[in-house]
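>>> Could you work out the structure for the sequence below:
(2 chains)
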There are 2 protein chains.
Amino acid sequence: MVPLLLLLRHYSIRRLHNHHIKPFTTTATHPLHIPLSHPTYQIWSSNTSLGKTLVSTGLASSFLLSKSPSKFLYLKPIQTGFPSDSDSRFIFSKLSSLSLLRNLPLFSSHSVLHSSLPAGTSAKFSPQTVPGIVNLGFNEEWGKSELSDGRELICKTLFAWEEAVSPHLAAERENAVVEDSVIMETLERCLREGLEDGNRERMEVFCVVETAGGVASPGPSGTLQCDLYRPLRLPGILIGDGQLGGISGTISAYESLKLRGYDVIAVIFEDHGLVNEIPLMSYLRNRVPVIVLPPIPQDPSNDLMEWFDESHDTFNSLKEVMLSAYSERTQRLSDMAKRAGNVLWWPFTQHKHVVEESITVIDSRCGENFAVYKVQSNGYITQQFDACASWWTQGPDATFQTELARDVGYAAARYGHVMFPENVYEPALECAELLLKGVGEGWASRAYFSDNGSTAIEIALKMAFRKFTFDHGILLDFLNNDTAKRCIELKVLALKGSYHGDTLGAMEAQAPSSYTGFLQQPWYTGRGLFLDPPTVFMCNSIWSLSLPKGLCSETLKLEDTTFRSRDEIFHTSRDKSNLARIYSSYISQILLQYSGSEGISYIGALLLEPVIQGAGGMQMIDPLYQRVLINECRAQKIPVILDEVFTGFWLLGVESAAELLRSVPDIACFAKLMTGGIIPLAATLTTEGVFNSFLGDSKLKALLHGHSYSGHAIGCTAAAKSIKWFKDPQTNFNITSDQSSLRELWDTELVQQISLHSAVQRVVALGTLFALELQAEGHNTGYGSLYASSLLQSLREDDGVYMRPLGNVIYLMCGPCTSPEICRQLLIKLYKRLEEFNQVKEKLESSTF
Amino acid sequence: MVPLLLLLRHYSIRRLHNHHIKPFTTTATHPLHIPLSHPTYQIWSSNTSLGKTLVSTGLASSFLLSKSPSKFLYLKPIQTGFPSDSDSRFIFSKLSSLSLLRNLPLFSSHSVLHSSLPAGTSAKFSPQTVPGIVNLGFNEEWGKSELSDGRELICKTLFAWEEAVSPHLAAERENAVVEDSVIMETLERCLREGLEDGNRERMEVFCVVETAGGVASPGPSGTLQCDLYRPLRLPGILIGDGQLGGISGTISAYESLKLRGYDVIAVIFEDHGLVNEIPLMSYLRNRVPVIVLPPIPQDPSNDLMEWFDESHDTFNSLKEVMLSAYSERTQRLSDMAKRAGNVLWWPFTQHKHVVEESITVIDSRCGENFAVYKVQSNGYITQQFDACASWWTQGPDATFQTELARDVGYAAARYGHVMFPENVYEPALECAELLLKGVGEGWASRAYFSDNGSTAIEIALKMAFRKFTFDHGILLDFLNNDTAKRCIELKVLALKGSYHGDTLGAMEAQAPSSYTGFLQQPWYTGRGLFLDPPTVFMCNSIWSLSLPKGLCSETLKLEDTTFRSRDEIFHTSRDKSNLARIYSSYISQILLQYSGSEGISYIGALLLEPVIQGAGGMQMIDPLYQRVLINECRAQKIPVILDEVFTGFWLLGVESAAELLRSVPDIACFAKLMTGGIIPLAATLTTEGVFNSFLGDSKLKALLHGHSYSGHAIGCTAAAKSIKWFKDPQTNFNITSDQSSLRELWDTELVQQISLHSAVQRVVALGTLFALELQAEGHNTGYGSLYASSLLQSLREDDGVYMRPLGNVIYLMCGPCTSPEICRQLLIKLYKRLEEFNQVKEKLESSTF
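Prediction:
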């Protein structure tokens, strides 16, 4: 008979309300610390009831009963069907029997830490009666520690529910949901308690963490277990399926683990006479050992003692595989820094200063956090918040990273790489359309793909120069006169301190700097007219303007140079100000000199980083000044290029920083965050007018600039996904309801407080960026300065915040989806370290004088 | 009791012999043709026995019994357990019952095409008695066609085996293995027979192809079904699992399909009262509909008529989802060319010549083949061999593509993107070490990563110039004298016709050409000394040398300019030849002029594409000449840069083309094929001497050139995988036993035959490249020429070979793993088209005169 409940249900397509779709957060209140001191594995399974606990038991028996001293730690974070099902109780009792049978002493303990109220009540040891999760603190022991010959078994269930269903269902039905962060913190504590006892040798302790159900079965909060445990990224053993159809389930489960960045060390399954190992080994290409267990007796009265005997060699093999994989992993981690120092040549790095200890060994990343290897305390993995957003590219939180990984895998499988010219495939088309509807809205009509910001700029310059010569009739005049056209000099108008990339064309558009000297690029000449821009910043809690020499004027008033709020800086009411007139007359005078009437030197393009100059030291340029520049150039038919490589895609709190300028360009360059920060891809967007200046009968009039991977499918897939994800309030909780901007990520009061700090010269907080310049003088300033080193060292090592300096400028950068609470924590940590920094500095100064 | 067989097995780690690991090939003897004229779906399942056939039946009933005329085509390519299990028989008989019950007329047929001998014998209709696969040709009918109201059901089993086990096992045990290509061809034929009947409206026909077992269950040859059917890439319906643990299996199966580039249109599963749809919908974020079926009666005597009634609405919903997804897909495919023409700006493309019809719509790629959409015949997908190897980057066959997709997904999940400087993570380290041990063996000690060939060259030039100035004491002299150092002119020595990329620095190292004019880059000046190189090629079946004017000499003999074989060209015995002396004296004279004694203009670097100049028209340069150049430069302490962006990673049959020169550089650039052709990544390798010239106390002496994604984890993962895969004889069957080169891919006789063809000027066949220059004159030659268009058009449209011209030079390029047989077929097709081309040309010429 069909139960009533089911009859009442309407069998059709289901749609979920949005509140059912939630992100899982991987950011605990403190950085996770995962010991590597002893072999530790996660036991996964491709389905329920395939024998995870039998494998744990077999491993415990192989480990404990073959050597002494030895300690086996068994952790079951999530148990349903409790108390009638208790995997930790099972292994506790089986090992007792086995130790008796083999006449080997053993001391073992079994505990259950927390459970739902119904589970606790059923087990008759619940100390509480309020609904929710109760602290059981149940503990039992067997054998005597002092007689155990150093053999110890510790079995723990962390959280238990009564009903024998999926944890998310049991938790809901028993009104006892546990947050992911609570499970992770409890698990971390148990791991550290069990593994950091100090007196045991490396191979004397062995730990397994057993999951519940299949690899992608939901945990109590609904987060899939393969996502829930991902911050630990423990190496895994996969229990496969030897039954009919089991090959498929095993392979799929393996792929789900790989798609979350796990390493699977071995696959093991029960023999059902179908030789499933042959296709599995073929699939795995012998890279992962496949181990087959003898058939498990089905009779419930069988105590399995015979089966464990029969399986003894098999479990020994598995244990050896695990021990040697552990050795290899720890060896590899501890060797990596040294090997890296021998073969890598890092950009922007003076290798003479690189010592092995200063190299960060990154095991993985999960969302905004790196998992960093540390050699101390027998080795461990710790979390660091990636506050340089991996060179200003990094957007995904943990949820989005998993989605991106799946989409990137899909794109690679569907397209590999496809040649772009005159071809179309969905990702490139979708990406182009999203760009034009998003950051290019209202002005752009064509997307030109390349690989990085530097190439996007080179392309933009070629486009702008063609448009300029086209609009100014230079092409007509000089096309057939080779000598004459070579004499024409096209310059770019740009700002000092701007940075557009390291290829020669992009460098030529930058003012002379440390990056452009003969030492770096003997071919650099600097083909631009470079203006000194006015900057804005917060200083002592007030937003202020600083004018370069050439712009200072007696007519200026205080109201021109200080602002009541950041918003005021961007307001178009300033267009009518005294300052706007000063800007305008200054710029138009400059343009007049290059109008072509006096010679053959033209300004062929304006090139700006809107609002923030990143590499130039996180300088905020007065947006009014940039707007006036754009307007004056447009009036002279000089194409306007915005370099949004750094600023684009919400970095400054809006999708395109041009919105902050309340202006549009003719050409704009995007890269970095465009793919969500996962893969190189760049786009140069243009107006139809620019595009049209390349049309003609000859192919030689077309833009003959390309790269093999132009518009590559994987990059475009990631970009299309990211563009949509970042701007959708259902996936990015930072998006305001009008979908036009990010909510304020940096706590306003804390920002002001930091700007008042005596160690701080100036502060800029905008979008995902918080930057500050440290008070410094002389050799402590500038790009080569190491002034901030000690400050950043403490933040990295003690606070788990990974930052990089730009000389005496330091910055925190998060992703567009990072929660304001995380940002607040970062500011608090930073403030604390500024205090220390000041104290040390003062001490140093007082001791010097 | 444990069966004897199992007791005899040793339960331990299994290792597979290599012959068990085999690639699956997706290249059929003719290009696949997949009709899009009517909705066609593949039915997948996350495990066996989850009701695939019930869903097929429900869909057939919903489709056939709700409208007329209507035709439902059910194909079961692989059936085991036959004849007692026959899914096609099940649907045939159930639909008969349902049509009776609902009193609607129906004409249905059921056939079984092939089976193993035991299956055929059991079914009592095997016409043969020899072991292997037998042609059954069994057919049965029900109802009358003329009374059916236009309702028609066609059910076909394509291949059947007797034992109810996995197909690979049944096939092996019944001695009746079927090759993948045979299954695919049979399936394609059945699809075309069933769908191309011409008289039916788009939505009057509905087709499902039902798989066997789970998504990754092996087919009869052992190939996983998700791999086997991949060339069709039919949109899929996934039958999930509503039982305990079923969420995990369903998600994992979904991910396995995505990881092979499939689109899943809906997930459907039987209700077991566990509300599995909630976590599934949450996981799928409402992007894929989730549909729940009422519980299926377990009683075998139940005829399910009631259940089908109860499920009627559910199946209607599913059918509607499928119909609308079909409409969307075909609409999207037919709109794409137009939309692309509106928003994309392709590199190297004169958009004025682009018409909608000339745009290739690529639905996907599988190994070396594109799946291309064609609008004709109500739309279909056809295969085209990607003979331009997608701009010279493409390496993977279908097997490798799947592996790369999984690895790329893994890297994205494990690392996302990680900042590179002063950090180390496994993929970057492994990739660097593999590069140094492989293409850099014997000379390179450092790897510098960037994004593409052009940036790798810019970096190489910066390195070379620093090394040069360092070695020649220029740094010491001028470091503190800014004016003086700006006057030093460093030139690059390079060959005419070479190409190194489109950023300004790379362009400056190229001789003036169509790419470098004022129209393209007003800033180009050409900072090189460009030599006219001697070339070699096969002409009329003989390998010959052509010398530029400056090198012609009266002392030359015939033996200097013709070769008995291609190998002879590369032989070092030529070092002692008369020609070598001519080369040497010519080059040393040139270098003398730039030795610095006469001024401040130096040759600061030698830059060469070894052996083949790609973009310059697939010119083969005399390797002896390049070797002499390298030796002479080295004697003058001029750093030698090899641009291996095009030639590297087996493109010319050896891992590094430097091997062909029997010489080593100081700096070499790699990109393109390095990642297996899937993602942009470049590396500049150098000697320790070059690296050392950047060491110093100041950061400003370090190489300040970088890109955000330097050494990005996904690219390095793909590169590490590809480097290993290409050179391993177990994965690349083209690798010779000494692992030093690829076997000959282009049939020697065919190559000679083509070189003798009157339409052909010259031929070059080396490694994965076969190039030929068409006899042409005047405006038919050069980069802008459209001379080869008609020839390439026929090859693309009629032969399924996608080629691109370089003016009147055309080429075939395959991957390092492509089988010689495929290459032979390509040459045969090309030869046939050359014949036609000549005939048309002759006709035209005779009609003109």
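
>>> Around chain B, which positions in the stretch 651-800 of chain A sit nearby?
Within the stretch 651-800 of chain A, the residues that sit near chain B (Cβ under 8 Å from any Cβ of the partner chain) are A:671-672, A:677-680, A:686, A:691, A:694-712, A:714-715, A:783-784. In short, each C-beta sits where N, CA and C put it, glycine included.

>>> Buried ones among those?
A:671-672, A:677-680, A:686, A:691, A:694, A:699-712, A:714-715, A:783 (16 or more other Cβ atoms under 10 Å in any protein chain shown).

>>> So which of those residues belong to strands?
Of those, the ones assigned to strands by DSSP state E are A:Thr686.

>>> Among the buried ones among the residues of the stretch 651-800 of chain A next to chain B, which are located in helices?
In this view, these that belong to helices under DSSP state H are A:Phe691, A:Ile714, A:Gly715.

>>> Can you tell me which of those residues is nearest A:Asn286?
Nearest to A:Asn286 among these is A:Ile714, at 27.9 Å by Cβ to Cβ.

>>> and that closest one, what is it in contact with?
Residues near A:Ile714 by Cβ atoms under 8 Å, 6 or more residues apart in numbering or on different chains: A:Val408, A:Ala411, A:Ala412, A:Tyr415, A:His417, A:Pro427, A:Ile679, B:Val408, B:Ile678, B:Ile679.

>>> Compare those and tell me which is most surrounded.
The most crowded member of these is B:Ile678, carrying 33 neighbours; neighbours defined as other Cβ atoms under 10 Å in any protein chain shown.

>>> List the residues that contact that one.
Counting by Cβ under 8 Å, 6+ apart, B:Ile678 has contacts A:Ala412, A:Gly416, A:His417, A:Ile714, B:Pro396, B:Leu404, B:Val408, B:Ala718, B:Ser722.

>>> ok so the first one is a helix residue?
Yes. If the criterion is DSSP: H, G, I helix; E, B strand; the rest coil, then A:Ala412 is within a helix.

>>> What's the separation between it and chain B?
Counting by Cβ to the nearest Cβ, to the nearest Å, the gap from A:Ala412 to chain B is 4 Å.

>>> name the element the closest residue to that residue other than its chain neighbours belongs to?
Leaving out its chain neighbours, the residue that sits closest to A:Ala412 by Cβ to Cβ, 6 or more residues apart in numbering or on different chains is B:Ala405, at 3.8 Å. Assigned by DSSP states H and E, B:Ala405 belongs to helix B:398-415.

>>> And that helix, how far out from the chain middle?
14 Å (Cα atoms, centre = their mean, to the nearest Å).

>>> So which elements touch the following helix or strand past it?
Once helix B:398-415 ends, the next helix or strand along the chain (criterion: DSSP H and E) is strand B:423-424. Under the contact definition 3 or more Cβ pairs under 8 Å, 6 or more residues apart in numbering or on different chains; DSSP states H and E, strand B:423-424 sits against helix A:312-343, strand A:360-366.

>>> Compare the ones you listed and give me the one nearest chain B.
helix A:312-343 (3.6 Å; Cβ to the nearest Cβ).

>>> Please work out the average pLDDT along the closest one.
Helix A:312-343 comes out with an average pLDDT of 97.

>>> what packs against it?
The contact analysis (3+ Cβ pairs under 8 Å, 6+ apart) places helix A:312-343 against helix A:52-64, strand A:264-270, strand A:290-293, strand A:360-366, strand A:369-374, strand B:423-424, helix B:426-437.

>>> Could you dump those into CSV with distance to B:Ser758 added?
Putting these into CSV (distance: least, Cβ to Cβ, whole Å) gives the following:
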stretch, distance to B:Ser758
helix A:52-64, 72
strand A:264-270, 60
strand A:290-293, 59
strand A:360-366, 61
strand A:369-374, 64
strand B:423-424, 59
helix B:426-437, 45
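
>>> how about the ones you listed in CSV, adding mean pLDDT?
Converted to CSV, the helices and strands packed on helix A:312-343 look like this (pLDDT from 0 to 100):
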stretch, mean pLDDT
helix A:52-64, 97
strand A:264-270, 97
strand A:290-293, 97
strand A:360-366, 97
strand A:369-374, 97
strand B:423-424, 98
helix B:426-437, 98
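
>>> so which of these comes closest to B:Gln752?
helix B:426-437 (36.5 Å).

>>> Now do the closest one: distance to the chain's middle.
24 Å.

>>> Next, the angle helix B:426-437 makes with the helix or strand following it.
Counting by DSSP H and E, the element after helix B:426-437 in chain order, helix or strand, is strand B:446-450. Following axes from the mean of the first three to the mean of the last three Cα atoms, to 10 degrees, one obtains 130 degrees for the angle between strand B:446-450 and helix B:426-437.

>>> anything in strand B:446-450 near chain A?
Yes. Counting by Cβ under 8 Å from any Cβ, chain A has neighbours in strand B:446-450: B:Arg446, B:Ala447, B:Tyr448.

>>> Looks like the first one contacts B:Phe691 (just checking).
Yes. Between B:Arg446 and B:Phe691 there is a contact at 4.6 Å, judged by Cβ atoms under 8 Å.

>>> Next, show the common contact partners of those two.
Counting by Cβ under 8 Å, 6+ apart, the residues touching both B:Arg446 and B:Phe691 are A:Trp345.

>>> rewinding a little: what angle sits between the helix holding B:Ala405 and strand A:369-374?
Using the same axes, to 10 degrees: helix B:398-415 against strand A:369-374 is 80 degrees.
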